[in-house]
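In: My questions concern the predicted model and sequence given below.
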Amino acid sequence: MKRFFSVLLALAAALPLITYATVLDAPLACNESGHQFIADLAEQRAIDPKPWRVESNSINAFTPVSGADLSAFGFHVFAVVGYEKDDPMFRVGDGEPVASSAYGVVVFGSESKVRNAVAGTGSTAIVHRVAPLVTAIFCKRS
């Protein structure tokens with residue numbers, strides 16, 4: 001019985017270290033609002049609900065929480081972005097907002113590989129090179 005409790009205690013201590021995978025392909029078909037996308041991930045505790053950065057175009061950048069393994073079209077997500085006009089969940093930048101509603105992810109992968117992975121999925125997402133081997137997958141509504 002002592003051994004059982006020792007094993008149980010060890011498992012409980014390891015729980016915060018256990019990762020869980022969340023695949024974001026379906027929401028990146030661009031059929032949601034920026035609010036719904038970010039709110040769902042915050043509710044699942046997959047991202048920190050407070051943005052770590054706000055761009056001048058009002059895009060808010062959120063970081064995945066420790067242990068969350070987010071992926072999109074087979075690529076590792078290291079940032080989640082979003083914005084919804086007149087929504088208190090988002091901070092407003094000092095420039096013109098990119099759209100009334102926008103969301104997406106930033107992944108490790110070349111633009112061509114990400115574009116090929118998204119092609120044929122039915123997604124209307126915009127694939128944009130951010131830096132070498134860093135690519136954004138982005139949905140927006142006017």
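Out: Now that the structure is in, tell me what you want to look at.
In: Now do Gly122, the pLDDT please.
Out: Model confidence at Gly122, given as pLDDT, is 88.
In: So it: helix, strand or coil?
Out: Secondary structure for Gly122, judged by DSSP: H, G, I helix; E, B strand; the rest coil, is coil.
In: if I pick it, what's in contact with it?
Out: Ala29 (C-beta atoms under 8 Å, 6 or more residues apart in numbering). The C-beta positions use only the backbone N, C-alpha and C, and glycine is treated the same way.
In: Likewise for Ala102?
Out: Gly34, Ile59, Val81, Gly82, Tyr83, Phe138, Cys139, Lys140, Arg141.
In: Buried ones among those?
Out: For those, a neighbour count by 16 or more other C-beta atoms under 10 Å gives the buried set as Gly34, Ile59, Val81, Gly82, Tyr83, Phe138, Cys139, Lys140.
In: what's the helix or strand for Val80?
Out: strand 75-84 (DSSP states H and E).
In: ok, now which ones touch the residue positioned nearest the centre of the chain?
Out: Centroid check for the chain by C-alpha atoms, centre = their mean gives Val80 as the closest residue, at 3.1 Å. Contact partners of Val80, counting by C-beta under 8 Å, 6+ apart, are Ile38, Leu41, Ile47, Ala61, Phe62, Thr63, Pro64, Leu70, Tyr103, Gly104, Val105, Val106.
In: Beyond the worst-scoring helix or strand of the chain on mean pLDDT, next helix or strand please.
Out: Least confident helix or strand of the chain, by mean pLDDT, DSSP states H and E, is helix 2-14 with a mean of 40. Counting by DSSP H and E, the next helix or strand C-terminal to helix 2-14 is strand 20-23.
In: pLDDT of that next one, averaged?
Out: 80.
In: List the contacts of that strand.
Out: Under C-beta under 8 Å, 6+ apart, the answer for strand 20-23 is Leu41, Gln44, Ala46, Gly67, Ala68, Asp69, Leu70, Ser71, Ala72.
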